[in-house]
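Q: One predicted model, sequence on top.
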Amino acid sequence: MPSIFDPAAAAALDARIAALTPATTARWGKFDAPKMVAHLTEALRMALGDIVVRARASGLLRTRLVRYLIIHVVPFPKGAPTAPALLARASTSWDADIAELRALVRRAQGEMKRTSWPAHPAFGALSAHDWGVLIHKHVAHHLTQFGV
């Protein structure tokens with residue numbers, strides 16, 4: 001699986017983000033482009049430890065096998081549930097929102113050697129490798145949702 005820590009994969013995501021416009025329409029789901037960008041911004045802020053998202057009750061997603069399969073093997077399903085905290089951010093201005101998202105992707109890319117990562121609200125403790133793959137997979141999922 002591609003990772004945010006791979007410079008070529010991160011550059012490809014950046015180019016895809018740059019191709020978005022506020023009028024880009026979704027192929028599925030309820031997001032418009034500004035709301036999707038706000039969602040990804042909050043998800044990256046969570047991954048980097050800038051915000052804390054309350055953990056869900058432990059369960060199947062926290063088992064090693066299921067967590068591995070979801071992060072590294074199977075594609076994200078369309079319409080998968082997300083933490084409400086990652087949906088709460090309001091869009092401010094398109095240019096500022098895109099610049100912040102791109103900056104957060106670059107910041108995440110630079111964290112490859114980081115030894116301490118926050119727990120994921122659904123998956124629990126993750127390694128840097130897991131976070132790198134998950135960040136890439138999540139951003140790519142939503143860019144695909146918008147056809148870029």
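A: Okay, I see it. Numbers count the residues shown, from 1 in each chain.
Q: hey, where'd the helices end up in the chain?
A: 7-18, 33-47, 64-68, 94-109, 128-145 (DSSP state H).
Q: export the ones you listed to a markdown table and tack on mean pLDDT?
A: What follows is those, written out as a markdown table (pLDDT from 0 to 100):
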| stretch | mean pLDDT |
| --- | --- |
| helix 7-18 | 97 |
| helix 33-47 | 96 |
| helix 64-68 | 93 |
| helix 94-109 | 97 |
| helix 128-145 | 97 |
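Q: With distance to Leu86 added, can I get the ones you listed in a markdown table?
A: (C-beta placed from N, C-alpha, C; glycine too.) As requested, the helices of the chain are exported to a markdown table (distance: least, Cβ to Cβ, whole Å):
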| stretch | distance to Leu86 |
| --- | --- |
| helix 7-18 | 17 |
| helix 33-47 | 5 |
| helix 64-68 | 18 |
| helix 94-109 | 13 |
| helix 128-145 | 10 |
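Q: between those, which gets nearest to Gly79?
A: If you check each of these against Gly79 by Cβ to Cβ, helix 128-145 wins as the nearest, at 10.1 Å.
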